[in-house]
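Asks: predicted model, plus sequence, below.
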Amino acid sequence: QAQLVESGGGLVQAGGSLRLSCAASGIIFSFANMGWYRRAPGRQRELVATILTGGTTNYADSVKGRFSISRDNAKNTVYLQMNSLKPEDTAVYYCNGYGPRYGLGSFDTYWGQGTQVTVSS
């Protein structure tokens with residue numbers, strides 16, 4: 001069974017930092033493109049950052065220069081380092097993956113359960 005499990009969310013003051021982790025299981029991680037999305041109260045889910053299998057990264061304009069996405073294929077884990085946090089970064093952050101599941105040849109999309117990040121002013 002493919003699964004993504006996020007951790008690292010919490011409450012932080014504006015200007016602070018947090019690092020989110022997403023551990024993947026059941027998928028061939030090194031062949032999966034990974035990403036982070038977020039949904040703030042009353043807003044639609046939005047892309048935060050992505051990292052492709054080759055390491056190419058992409059960021060939403062709102063987080064460029066403050067957030068950094070990385071991956072450790074040996075640990076089947078993707079990270080989101082968030083610095084200089086702002087109250088508007090408050091949201092539930094979701095890990096996303098697109099890749100092949102072990103035992104199957106097809107590519108599927110996977111989502112974690114989400115982790116709350118709250119930034120106080």
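Replies: Good, I have the coordinates.
Asks: from residue 87, how far out is the closest residue to residue 3 other than its chain neighbours?
Replies: Closest residue in space to residue 3, ignoring its immediate chain neighbours: residue 25 at 5.0 Å, by CB to CB, 6 or more residues apart in numbering. For the C-beta atoms, the positions are set from N, CA and C on the backbone; glycine is no exception. With distances taken as CB to CB, to the nearest Å, residue 25 is found 34 Å from residue 87.
Asks: same question, residue 47
Replies: The span separating residue 47 from residue 87 equals 20 Å under the rule CB to CB.
Asks: which one's more surrounded, the two?
Replies: Applying other CB atoms under 10 Å to residue 47 and residue 87 shows that residue 47 carries more neighbours, namely 14 against 11.
Asks: sort out which residues of the host helix or strand of the more buried one are buried, please.
Replies: Here residue 47 is covered by strand 46-51, with elements defined by DSSP states H and E. Residues of strand 46-51 classed as buried under the neighbour-count rule (16 or more other CB atoms under 10 Å) are 48, 49, 50, 51.
Asks: with stretch 8-23 instead?
Replies: Applying a neighbour-count criterion of 16+ other CB under 10 Å, one finds 8, 9, 12, 18, 20, 21, 22, 23 buried in stretch 8-23.
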